[in-house]
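Chemist: sequence-free structure coming up:
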């Protein structure tokens, strides 16, 4: 089993109504040197400009980046080549949520 730490940026709060902008993944091992980064064009017309701004992309840039199917197929190949057994995905937001619940102040979670 391999652990894959994943960070996703999106252009809104609801997956079915908004789109992923980009994501990064790192194989959790002693070296942390195996990573993947993908950018995906929108699959929905709806977007929140404030949410999109977090990614650093404009709407025009987002519209011009890669087809999600192609990116996810490349990610699947990356996983097959690096993961041992069934991959377990871990959100990088977990630590920030734990910190927040422990009373640490944070105005935004950085990815």
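Modeler: Cool, got the structure. Just so it is clear, the structure is predicted and the values come from calculations on it, not from any experiment.

Chemist: check contacts around residue 85.
Modeler: 1-2 (Cβ atoms under 8 Å, 6 or more residues apart in numbering). C-betas here are computed from N, CA, C, even on glycine.

Chemist: please report how far it lies from residue 23.
Modeler: Distance of residue 85 to residue 23, computed by Cβ to Cβ, to the nearest Å: 22 Å.

Chemist: show me where the chain dips below the pLDDT cut-off.
Modeler: By pLDDT under 70, the low-scoring segments of the chain are 93-111.

Chemist: the longest helix in it is where?
Modeler: In the chain, ranked by residue count with DSSP state H as the criterion, the top helix is helix 68-82.

Chemist: which other helices and strands contact it?
Modeler: Packing partners of helix 68-82 (3 or more Cβ pairs under 8 Å, 6 or more residues apart in numbering; DSSP states H and E): strand 20-27, strand 35-39.

Chemist: of these, which is nearest residue 62?
Modeler: strand 20-27 (5.8 Å; Cβ to Cβ).

Chemist: which parts of that closest one are buried?
Modeler: 20-23, 25-27 (16 or more other Cβ atoms under 10 Å).
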